[in-house]
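Trainee: What would the 3D arrangement of this be:
(one chain, ligands or ions: 1)
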Amino acid sequence: MIYRIFATLILLSVYSVCVFGEEQKLRAVIIDGQNNHDWKGTSPILKAALERSGRFDVDVITSPPKGGDTNEFRPDFGKYDVVVLNYTDFGGGDTWSETVQRNFEKYVADGGGVVAYHAAISAFPQWTEFNKMIGIGGWCGRNEKSGPWLYVKDGQVVRDTSPGAAGHHGQQVEFQVVTFDAEHPVMKGLPPAFLHVKDELYSKMRGPAEHVTILATADSKLSEGGSGREEPVLLAVEYGNGRVFVTMLGHDPRSSRCVGFLATLSRGAEWAAIGKVTIPVPNNYPTGEKTSSE
Ligand code: ZN
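Mentor: So this is what the prediction gives:
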């Protein structure tokens, strides 16, 4: 009798792991297809990292190429818990149709999650709501009319309204990503800094910068062609009932294999999807002095 009860309990627990474990996975979609970056090289790396976290089922929706039939691009955002943007219309690419823009605004305002990855923050300079979602962005004509420069000085967040263009990076360098908000779910439990592999360090980003939390910064050194400022590289933005995680990191496949980048991306995606983070810090997370790549 006792054995039968044990056997039933074991079967029940196996059943619940199989059935409920699967059901609890979050649904993510990576949007790519146009980007002045190597999206064909980076999307599989992002997809693999999200899947490896055990928290996501991941689709990829690839838009028609530049100049293609934009009517073919009608993602059903509502099917997903988080939308990962590996897309930009930088350099004459296609802006999303009005219908897709309104659908995306509704999806986020109603509580949908978004991850804006690297060059995605250059996208859609004229789309007001998108720029509120990403908080700050660069290039494509952005300037003081887009909003203030956002950076950190002496531990304080600065919103600098002085005139000037948005979007810059110096030569590719290794740099430390330093936690600025250690209590935010994305950052909580992570080491205070990690050394990121050689990458572009985005600087001089500006935008509406409303409902923005700076999660981590990096020192953009003048001697390396940077801004001379402590620049935000990971951010959290609230938009309506939705959440947006912004990572400025990951210019190319090589820099995207940094364990620190991939761990913060996965944790940021989970936070954007559900407002909390359960994905643990990987054992091979980089230290403040030593990089680590997949
Ligand atoms: Zn880049």
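Trainee: CA atoms for contacts and neighbours, from now on please.
Mentor: OK.
Trainee: what about the stretch 1-150 of the chain, any weak spots by pLDDT?
Mentor: 1-23 (pLDDT under 70).
Trainee: Run through the strands of it in chain order.
Mentor: 26-32, 56-62, 82-85, 113-117, 149-153 (DSSP state E, counting those that start in this stretch).
Trainee: Of those, give the one that comes closest to T128.
Mentor: Proximity of these to T128 was assessed by CA to CA; the nearest stretch is strand 113-117, lying at 15.6 Å.
Trainee: Adjacent strands (with direction) for that closest one?
Mentor: Sheet pairing of strand 113-117 (DSSP bridges) gives strand 82-85 (parallel), strand 242-247 (parallel).
Trainee: G260 is nearest to which of those strands?
Mentor: strand 242-247 (11.3 Å).
Trainee: and the very next helix or strand once past that closest one, what does it pack onto?
Mentor: Counting by DSSP states H and E, the next helix or strand C-terminal to strand 242-247 is helix 253-256. Here helix 253-256 touches helix 39-52, strand 193-199, going by 3 or more CA pairs under 8 Å, 6 or more residues apart in numbering; DSSP states H and E.
Trainee: Would you reformat these as CSV and include mean neighbour count and distance to A263?
Mentor: Below are the helices and strands packed on helix 253-256 laid out as CSV (neighbours: other CA atoms under 10 Å; distance: least, CA to CA, whole Å):
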stretch, mean neighbour count, distance to A263
helix 39-52, 18, 8
strand 193-199, 22, 11
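Trainee: Please convert the ones you listed to TSV, extending it with distance to N143.
Mentor: Formatted as TSV, these follow (distance: least, CA to CA, whole Å):
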stretch	distance to N143
helix 39-52	26
strand 193-199	24
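Trainee: Tell me which residues touch D59, please.
Mentor: Contacts of D59 were listed using CA atoms under 8 Å, 6 or more residues apart in numbering, and they are 27-30.
Trainee: Most neighbours out of those, which is it?
Mentor: Neighbour counts for the contacts of D59 (other CA atoms under 10 Å) peak at A28, which has 28 neighbours.
Trainee: pretty sure that one contacts I61?
Mentor: No. Using CA atoms under 8 Å, A28 is not in contact with I61, being 10.5 Å away.
Trainee: Residues in a beta bridge with V158, which ones?
Mentor: Where V158 sits in a bridge, its partners, by DSSP bridges, are Y151.
Trainee: wait, Y151 sits on V158?
Mentor: Yes. In this structure Y151 lies within contact range of V158 using CA under 8 Å: 5.3 Å.
Trainee: Neighbour count: those two, which is higher?
Mentor: Higher neighbour count among Y151 and V158: Y151, with 23 against 13, using other CA under 10 Å.
Trainee: Need the pLDDT of the more buried one.
Mentor: pLDDT for Y151: 98.
Trainee: again with E224
Mentor: pLDDT, E224: 97.
Trainee: ok, now the one 10 residues further on?
Mentor: Per-residue pLDDT puts L234 at 99.
Trainee: Mind jotting down where the strands sit in the stretch 151-294 of the chain?
Mentor: So, for the stretch 151-294 of the chain - with DSSP E, counting those that start in this stretch - the strands run 156-160, 173-179, 193-199, 212-219, 230-239, 242-247.
Trainee: could the strands of the stretch 1-150 of the chain be laid out in JSON lines, adding distance to H168?
Mentor: Below are the strands of the stretch 1-150 of the chain laid out as JSON lines (distance: least, CA to CA, whole Å):
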{"stretch": "strand 26-32", "distance to H168": "23"}
{"stretch": "strand 56-62", "distance to H168": "27"}
{"stretch": "strand 82-85", "distance to H168": "20"}
{"stretch": "strand 113-117", "distance to H168": "16"}
{"stretch": "strand 149-153", "distance to H168": "12"}
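Trainee: give the contact list for L50.
Mentor: L50 neighbours (CA under 8 Å, 6+ apart): 56-58, 266.
Trainee: er, P185 I mean
Mentor: 271, 275-277.
Trainee: Just flag the most distant two among these.
Mentor: Comparing all pairs in these by CA to CA, the longest separation belongs to G275 and V277, at 7.1 Å.
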